[in-house]
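Participant: Coordinates only, no sequence provided:
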Ligand SMILES: O=c1[nH]c(=O)c2[nH]c(=O)[nH]c2[nH]1
């Protein structure tokens, strides 16, 4: 242990956490010939009495990030369950094993694989990646306080009508024409905070996703902001175990191409799909009586 302290007359250590980010874990269930695959990206961050590691160079309380990575694999040996359950287990493990670890943050991304369809039906052990959509789970612990945030991102959706954008502020900076029939497209990124930890996380996730998609599809849109809000309200109406949702949704513009130089009209059929710049619409949709969570919720999403 170093003999000199690196404490300072002018500085103190503020909030801190550390761990292993993006531990890639693939687990195969092979109890029967019909295998199951779980493909995860796990990040573990520990918090607690870690000051001396920073200020003294004393690593006695340092659960090495390498050990955290090993723990992820070891706990996966006998099954992972849902991402939320696995993150809860990791949190329980670290806080109960090391007395000075009082909390942390465990984040999991789950990638989708679907069975390859063959002439004999869905294949038992061959899979194809199910698009770009990612399911996410975050567990944060602070002492006995545990909370779970589920989510999804890169859920790309488009509706080719039933979307308009009119009535917006017009001034000397406005060039955008009003649109009464436009394409609406976005990559839904959403996080939602549960008020309980004893849930069927897979079932709730599937239903939240279903509700969001159904709202996007069936509700006439007056702006992406309004569509976002409707999606959130519909989820809160059907899921009392959810306190609030946060959304971050790019407005993926599709501009009508001017075909007049070619002597053609364009009856709303040929579009330029711009990739940037894009509108970025972000909002939280809250239950009226939701108790605001401490800093943890704000730090979960990185947006809004
Ligand atoms: O749904 C929209 N919301 C906006 O705020 C906006 N701004 C813009 O230029 N197009 C759109 N579309």
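Facilitator: Perfect, I can see it now. As the structure is a prediction and not an experimental result, all values here were calculated from the model.
Participant: Would you list the strands that the host helix or strand of residue 244 pairs with, along with their directions?
Facilitator: Take DSSP states H and E as the rule and residue 244 turns out to sit in strand 242-251. Note on strand 242-251: by DSSP bridges, its sheet partners are strand 184-194 (antiparallel), strand 279-286 (antiparallel).
Participant: Return the most buried member of the ones you listed.
Facilitator: strand 184-194 (a mean of 22; mean count of other Cβ atoms under 10 Å). Where C-beta positions appear, they are placed from N, C-alpha and C, glycine not excepted.
Participant: so after it, what's the next helix or strand?
Facilitator: Later in the chain than strand 184-194, the nearest helix or strand by DSSP H and E is helix 201-218.
Participant: Give me the contacts around that following helix.
Facilitator: Residues from elsewhere that reach helix 201-218 (Cβ atoms under 8 Å, 6 or more residues apart in numbering): 82-85, 135, 137, 148, 150, 152, 155, 157, 159, 188, 190, 192, 194, 227, 230-231, 234-235, 238-239, 241-242.
Participant: Take the residues you listed and keep only those in strands.
Facilitator: Members of the contacts of helix 201-218 lying in strands (criterion: DSSP state E): 135, 137, 148, 150, 152, 155, 157, 159, 188, 190, 192, 194, 242.
Participant: Pull up the gap between the nearest residue in space to residue 89 that is not next to it in sequence and the ligand, please.
Facilitator: Nearest residue to residue 89, sequence neighbours excluded (Cβ to Cβ, 6 or more residues apart in numbering): residue 75, at 6.0 Å. Residue 75 is 44 Å from the ligand, where distance means Cβ to the nearest ligand atom, to the nearest Å.
Participant: Now do the helix or strand harbouring residue 75: everything it contacts.
Facilitator: Here residue 75, judged by DSSP H and E, is contained in helix 65-76. Applying Cβ under 8 Å, 6+ apart, the set of residues contacting helix 65-76 from outside is 18-20, 23, 25, 27, 42, 44, 46, 86, 89-90, 93-94.
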